[in-house]
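J.: Predicted model and sequence below, questions to follow.
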Amino acid sequence: MPIASYVSAAIAGLVAATVLVSHGSAAEGRFAAYQGAWLADGSACEDVFTSSRSGTVFKSPPDLFVAAFIFSGDRIRTPVATCKIRSVKQVGDRDILSLGCVNSVSTAQTTAIMGKGADGRLKRFYSAADTSGTNYRLCPK
């Protein structure tokens, strides 16, 4: 796989794993429920995450293709990239996130659409017309 394709896939994976956040005290208020390690259905938390002195981290070596992320303050980490939430716009029961993402070889500005499910899970939507979304569950600390 050419490096450009790998980088594009990594950024796309990061966007797919993004959650809601805003800066400072708002992250502790409205979006406090989103803090932590999140994983798409089908994988086991203990296979992807581990604990360290600094909190939850990805196991080493990380699975570069797992649909998972760690939400901490206004940052979202995946096995290959980190995004900073630049802004959040609420539209109905969904939030549209403007992201600035970086990995070891590139940077990108992108958008993600997220919502909180009635069962406490997060849902990522591919577009405004997407009605099913992809579920993510919070892993225990």
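T.: The structure has been received and is ready for your questions. Numbering: from 1, shown residues only.
J.: Pull the number of nearby residues for residue 84.
T.: Using other Cβ atoms under 10 Å, the number of residues around residue 84 comes to 15. Any C-beta I mention is one placed from the backbone N, CA and C, and that applies to glycine too.
J.: Without its sequence neighbours, what residue ends up closest to it?
T.: residue 100 (4.9 Å; Cβ to Cβ, 6 or more residues apart in numbering).
J.: so how far is the helix or strand containing that neighbour from its chain's centroid?
T.: Using DSSP states H and E, residue 100 sits in strand 94-103. From the chain centre to the centre of strand 94-103 is a distance of 9 Å (Cα atoms, centre = their mean, to the nearest Å).
J.: In contact with residue 46, which residues?
T.: Contacts for residue 46 (Cβ atoms under 8 Å, 6 or more residues apart in numbering) come out as none.
J.: Report the separation between the residue nearest to residue 84 and residue 92.
T.: 25 Å (Cβ to Cβ, to the nearest Å).
J.: same question, residue 80
T.: Distance, residue 80 to residue 92, by Cβ to Cβ: 31 Å.
J.: More neighbours: which of these two?
T.: residue 80 (20 against 7).
J.: Angles on the backbone of that one, please.
T.: Main-chain torsions, residue 80, degrees, to the nearest 10: phi -120, psi -10.
J.: one step back: could I have the helix or strand following the strand holding residue 100 exported to PDB, CA atoms only?
T.: Downstream of strand 94-103, the next assigned helix or strand under DSSP H and E is strand 107-116. The C-alpha trace of strand 107-116 is given here as PDB (Å, rounded to 0.1, in the frame of the first residue of the first chain):
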ATOM      1  CA  THR A 107      -1.900  16.800   9.000                       C
ATOM      2  CA  ALA A 108      -5.500  17.200   7.900                       C
ATOM      3  CA  GLN A 109      -8.600  19.200   8.700                       C
ATOM      4  CA  THR A 110     -11.800  17.200   8.600                       C
ATOM      5  CA  THR A 111     -15.400  16.900   9.900                       C
ATOM      6  CA  ALA A 112     -17.100  14.100  11.900                       C
ATOM      7  CA  ILE A 113     -20.800  13.600  12.800                       C
ATOM      8  CA  MET A 114     -21.500  12.000  16.200                       C
ATOM      9  CA  GLY A 115     -24.400  11.400  18.500                       C
ATOM     10  CA  LYS A 116     -25.000   9.800  21.900                       C
END
